[in-house]
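> Generate coordinates for the sequence data below:
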Amino acid sequence: MLKKITVQNIKELRNKTGAGITDCKNALEASDGQIDIAIEALRKKGLASADKKSSRLATEGLIESYIHAGSRIGVLVEINCETDFVSRQPEFHQLAKDISMQIAACHSVSYIFKSDIPDHIISYEKSLELQKEDLSVKPTEIKNKIANGRLNKRLKELSLMDQSFIKKPEITVEELVKQHIALWGENIRIRRFERFLLGEGLETKTNNFQDEILNMIQNK
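Now for the predicted structure:
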């Protein structure tokens, strides 16, 4: 027997996803009123729609800054959208703040996408993997397969979009951005960023900024 879909059910799903009323109603009917399944269906639909919008020109937006507690690390990031209307929305400002905080926490990140990583960096990282002692006795085919797997993992460490979102680790930064694209129906892109570390290039004490930021978020 199909569960009756109520206005309250639709309102709850809309509040959790930001999706339109009709989309929420259809998702609930398709999932027999199961909120979690409906959320997942809407999320997939939104991400698919976001992929289609990712090539559209985005020239509005804002530059956001983040200074970590203690003023030892700072980040500037430019995030673009298509209209001034979206750039003024509180959710867009929060997205920019979250991205800047993410960059501060992930100090191995140097590029926005894996595709941005130069060929000479990829070649260098692969050569390091191939030279590792545990691969020296492996047959060439297996050695290359293992090295390529490790290389892919390393390239993800360098890519901002492949990072797990620090506030919600079950999604990546790329999925976070796509959720906001689906929310407003506009292309959103992280154009560039710069990270500043106090005393960078000098011999300084190393701090685990990621743990500090995560602790700060959890204690809010």
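> domain ranges for this protein?
For the chain, whose domains are defined here by automatic domain parsing, the residue ranges read 7-53, 60-113+159-218, 118-157.
> which SS class is Lys4?
coil (DSSP: H, G, I helix; E, B strand; the rest coil).
> shaky segments in this protein?
Per-residue confidence of the chain (counting by pLDDT under 70) places the weak regions at 1-3, 16-20, 43-57, 203-214, 216-220.
> Tell me which residue is most central in it.
Note on the chain: the residue nearest the mean C-alpha position is Val173, at 0.4 Å, using Cα atoms, centre = their mean.
> Check the spacing between that one and Gln163 real quick.
Computed as Cβ to Cβ, to the nearest Å, the Val173 to Gln163 distance reads 5 Å. Yep, even glycine has a C-beta here, placed from its N, CA and C like the rest.
> Same check on Lys114?
11 Å.
> Among the two, which residue is more densely surrounded?
With other Cβ atoms under 10 Å as the criterion, Lys114 and Gln163 differ in neighbour count, and Gln163 comes out ahead with 21 against 15.
> so that one touches Gln102, yeah?
Yes - counting by Cβ atoms under 8 Å, Gln102 is a contact partner of Gln163 at 6.4 Å.
> Would you agree the residue nearest to the centre of the chain is in contact with Met161?
Yes - taking Cβ under 8 Å as the contact criterion, Val173 and Met161 are neighbours in contact, 5.2 Å apart.
> For burial, what's the neighbour tally of the spatially closest residue to Ile37 that is not a sequence neighbour?
For Ile37, the nearest residue in space outside its immediate sequence neighbours is Ser31; the separation is 3.8 Å by Cβ to Cβ, 6 or more residues apart in numbering. The local packing of Ser31 (other Cβ under 10 Å) involves 19 other residues.
> OK, contacts around Ser31?
The contact partners of Ser31, by Cβ atoms under 8 Å, 6 or more residues apart in numbering, come to Ile37, Ala38, Ala41.
> what about the strands in this structure?
Defined through DSSP state E, the strands belonging to the chain, from first to last, are 60-67, 73-81, 164-165, 168-172, 189-197.
> Of the ones you listed, flag the one that's most buried.
Looking across the strands of the chain with neighbours counted as mean count of other Cβ atoms under 10 Å, the highest average goes to strand 73-81: a mean of 20.
> quick one: it to strand 60-67, angle?
Relative orientation of strand 73-81 and strand 60-67, computed by axes from the mean of the first three to the mean of the last three Cα atoms, to 10 degrees: 170 degrees.
> Within its sheet, name the partner strands of strand 73-81 and how each one runs.
strand 60-67 (antiparallel), strand 189-197 (antiparallel) (DSSP bridges).
> Using a markdown table, lay out those strands together with distance to His120.
Listed next are the strands paired with strand 73-81 as a markdown table, based on distance: least, Cβ to Cβ, whole Å:
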| stretch | distance to His120 |
| --- | --- |
| strand 60-67 | 30 |
| strand 189-197 | 20 |
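> Identify the residues contacting Met161.
When contacts are counted by Cβ under 8 Å, 6+ apart, Met161 is found next to Ile112, Phe113, Lys114, Thr172, Val173, Glu174, Val177, Ile190.
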